[in-house]
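**Q** predicted model follows, preceded by the sequence.
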Amino acid sequence: MPLPWPVTVAVVVAAFALLFARQVRGYPTDRAVTAAAGAALLVALGVLSPDAALGSIDASTLLLLFGMMVHVECLARSGFYGRAAARLVNWAGTPRRLALGTLVLAAVCSALALNDAAALLLTPVLVRATADANVDPAPALIALVLGANVGSVATPLGNPQNAYVLARSPLTAGEFVAALLPVALVSLAVAAVAVALVAPRSGVVPPADVPDYDRAWAAGSVGFVALTFAILFLRPGLDPGAVAAGTAVAHLVALQIARREPGGDVLRDVDWTLLVLFGGMFVLVAGLRTTPVVPALEAHVAGGPSLGVAAFALSNLVSNVPAVLVLSTGVSAQQGWLVLAASATLAGNATPVASAASLIVLEGAARRGVDLRVKRLVAVGLPVSLVTSALAVALLVWA
């Protein structure tokens, strides 16, 4: 007897709801384990066959994420992020300039390679710099959140949901950037106004020690990221996952030859749980497709402003990656894919639930003794998110 479809919906909704819960009744939870357990439960209940579950996993997206995580890890090991952040602190001089500079640096780093990495690697430097200056760390950390989310809109390699859109949609990398780079720049300007309003005008940020870094290694790592972009732009017919994974393997080989750095050390520090998380979510969405929920979504949010509103709302309920996976079932036109990518990403500034990068900054600051209040983050992020999301839809639909 087939499983009643409301039970399937309940399993999927429960799994998505638990993705960003830290614990349930004192029991710790993990995003990757939750997604994998939900996927396994759908198979065990007979909603999907094992073959159907495996077939629902998009290998291109996983390869694209793997490749970019390798490039980011190599960049981090070269000392690139730490040096860039220290240079920013030394340039800033004042809390307001530090916050605005953080916004721009985070946006640029996120556009080039996964905003989660920018959030993870820049947070400790900012906490240390603001502590040394005895100034409020909140404006700089809020700027980091805004920059990481806004900047990642610009390219298909900026965040996981954009990588998925590039892999699954008819868009080429060039078309993606041509459409969404202007959206990112306009959104960055809006975020800059908000940051300037909340950052204190007075105060002095003392110089920071600039850490050593391997210039040749950093240049080589940036070169491999640039090579990935170049191939995606110049050979749009190639599978983006294969391109990113291929350049990542070449990066590891070059690292072993030129720097005598074991590639296995880099691979050990890659966030494999992100790939498990995505694999589980692919299966969860495939299970949802067996219910009447998906046709209903397709009928009401196929594109345009309605899709933007749905992406914004759903992202703030279950986070932007699951929202994109669910809503993509009804998207076919290029404009719809662009609206989905932009709206879901910009929704990430509204609440910490909507974006993993926001959670990374909050948790990273908390581990270092800084209590960045969610209310304070939302007070700045929500208006920025609403304005930029509306502007994005206007630029993509009516411009």
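**A** All right, it came through fine.

**Q** for the closest residue to Ala92 other than its chain neighbours, give me its contacts.
**A** Closest residue in space to Ala92, ignoring its immediate chain neighbours: Leu98 at 3.8 Å, by CB to CB, 6 or more residues apart in numbering. C-beta coordinates here come from the backbone N, C-alpha and C atoms, glycine included. Counting by CB atoms under 8 Å, 6 or more residues apart in numbering, Leu98 touches Leu88, Val89, Ala92, Leu126, Ala129, Thr130, Pro139, Ala140, Ala199, Val205.

**Q** next step: these restricted to helices.
**A** Leu88, Val89, Ala92, Leu126, Ala129, Thr130, Pro139, Ala140 (DSSP state H).

**Q** would you point out which residue is most central in this protein?
**A** Residue closest to the average C-alpha location in the chain (CA atoms, centre = their mean): Asn159, at 3.4 Å.

**Q** from Val331, how far out is that residue?
**A** Computed as CB to CB, to the nearest Å, the Asn159 to Val331 distance reads 17 Å.

**Q** quick check: buried residues in the host helix or strand of the residue nearest to Ala92?
**A** Assigned by DSSP states H and E, Leu98 falls within helix 95-112. By neighbour count on 16 or more other CB atoms under 10 Å, the buried set for helix 95-112 is 95-96, 98-107, 109-112.

**Q** and it, how far out from the chain middle?
**A** Distance of helix 95-112 from its chain centroid, counting by CA atoms, centre = their mean, to the nearest Å, is 16 Å.

**Q** scan the ones in helices among the contacts of Leu98 and report the most crowded one.
**A** Ranked by the number of neighbours (other CB atoms under 10 Å), the ones in helices among the contacts of Leu98 place Ala140 first, at 32 neighbours.

**Q** wait, what's in contact with that one?
**A** Pro95, Leu98, Ala99, Thr102, Leu126, Ala129, Thr130, Ala199.

**Q** name the nearest of the residues you listed relative to Arg25.
**A** Proximity of the contacts of Ala140 to Arg25 (CB to CB) peaks at Leu126, which lies at 34.5 Å.

**Q** let me see the contact set for that closest one.
**A** The contact partners of Leu126, taken as CB under 8 Å, 6+ apart, are Ala85, Leu98, Thr102, Pro137, Ala140, Leu141, Leu144.

**Q** what about the closest residue to Arg97 other than its chain neighbours, neighbour count?
**A** Using CB to CB, 6+ apart and skipping the chain neighbours, the partner closest in space to Arg97 is Trp91 (7.4 Å). Trp91 has 13 neighbouring residues, counting by other CB under 10 Å.

**Q** tally up the residues packed near Ala192, please.
**A** By other CB under 10 Å, neighbour count at Ala192 equals 20.

**Q** contacts only, for the nearest residue to Leu45 once chain neighbours are set aside.
**A** Distances taken as CB to CB, 6+ apart put Leu3 closest to Leu45, at 5.2 Å, once the chain neighbours are dropped. Contacts for Leu3 (CB under 8 Å, 6+ apart) come out as Leu45, Gly46, Val47.
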